[in-house]
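Engineer: Quick check, what structure comes out for this input:
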Amino acid sequence: MSPAAPLPRVRHVSAAQPLAWLAAGWRDFTQVPGPGLLHGAFVTFGGWAIVAVTLHFWQLLPGALSGFVLVGSILATGLYELSRRLAAGAHPGFADVLAAWRRGTRPLVWLGVGLAAAGTLWVALTATLLAVFGRGQPQGLMDAVRMLAVADSALLFPLWLTLGGLGASVVFMVTVVSVPLLLDRHVSLAWAVRASVLAVAENPIAMGVWASLIMLATALSMATLMLGF
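Structural biologist: As a prediction, this is how the structure comes out:
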């Protein structure tokens, strides 16, 4: 389907609908727990690897952690496929997960490149803000945190937080529907992204609740040394 094709009709859902999505996701997990646990283990080990690297190269921490969260929608590709197959009455397994990655590889790769660029831009922006508003070059991770929290300029931390929130919101709008849509239909990446933005624009409250639940779950997972993933 070309990027110029008409966008799909978007349903209006209630603010409580994300709770139904969570319940449906848990139901799917209990039916095929093996692939779900494998996805969780993969993300957990990936998180540990990121922490290990950033302990030696702390400058990478903002981009590493934000990138870790940003690519979550792509890492869940296999889970989307399991749910899609269950809804069709099939009995999916690991083979279906691999098939989903092969089927959606090209657009997902391009989307991943875009998310990687967003993470890199965030690292550069953080460094620029520290250089402009901070007190010299930070000498370590805790020094950078202190500079963000108690800089000479009272604008630094609110500005950093606001820009980060805006960036995360854009990424959420672009990916929340586009990734599962790319698996479900033969559409272009541009078409899927436009449909995702439309879905968020038509359901701002429900999608705001969904984004908040994702942030809460991510924070809790990180607080448990990544085991929560």
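Engineer: pull the longest helix from this protein.
Structural biologist: helix 105-133 (DSSP state H).
Engineer: Just name whatever secondary elements it is in contact with.
Structural biologist: Counting contacts by 3 or more C-beta pairs under 8 Å, 6 or more residues apart in numbering; DSSP states H and E, helix 105-133 is packed against helix 61-70, helix 72-75, helix 141-149, helix 156-175, helix 178-184, helix 189-202. In this view, the C-beta of every residue, glycine as well, is placed from N, C-alpha and C.
Engineer: buried sites along the last one?
Structural biologist: Right, the one you point to is helix 189-202. Buried positions in helix 189-202, judged by neighbour count with 16 or more other C-beta atoms under 10 Å: 189-200.
Engineer: Using JSON lines, please lay out the residues you listed together with distance to Phe42 and pLDDT.
Structural biologist: Listed next are those as JSON lines, based on distance: C-beta to C-beta, whole Å; pLDDT from 0 to 100:
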{"residue": "Leu189", "distance to Phe42": "24", "pLDDT": "89"}
{"residue": "Ala190", "distance to Phe42": "29", "pLDDT": "90"}
{"residue": "Trp191", "distance to Phe42": "29", "pLDDT": "91"}
{"residue": "Ala192", "distance to Phe42": "24", "pLDDT": "91"}
{"residue": "Val193", "distance to Phe42": "25", "pLDDT": "93"}
{"residue": "Arg194", "distance to Phe42": "30", "pLDDT": "93"}
{"residue": "Ala195", "distance to Phe42": "28", "pLDDT": "94"}
{"residue": "Ser196", "distance to Phe42": "24", "pLDDT": "95"}
{"residue": "Val197", "distance to Phe42": "29", "pLDDT": "95"}
{"residue": "Leu198", "distance to Phe42": "31", "pLDDT": "95"}
{"residue": "Ala199", "distance to Phe42": "27", "pLDDT": "96"}
{"residue": "Val200", "distance to Phe42": "27", "pLDDT": "96"}
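Engineer: Now distance to Arg85 too, for these, in CSV please.
Structural biologist: Shown next, in CSV, are the buried residues of helix 189-202 (distance: C-beta to C-beta, whole Å):
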residue, distance to Arg85
Leu189, 22
Ala190, 26
Trp191, 23
Ala192, 19
Val193, 24
Arg194, 26
Ala195, 21
Ser196, 22
Val197, 27
Leu198, 26
Ala199, 22
Val200, 26
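Engineer: Now do the nearest residue to Leu163 once chain neighbours are set aside against Ala131, distance only.
Structural biologist: Distances taken as C-beta to C-beta, 6 or more residues apart in numbering place Leu125 nearest to Leu163, at 6.5 Å, with adjacent residues excluded. Here the distance between Leu125 and Ala131 works out to 11 Å (C-beta to C-beta, to the nearest Å).
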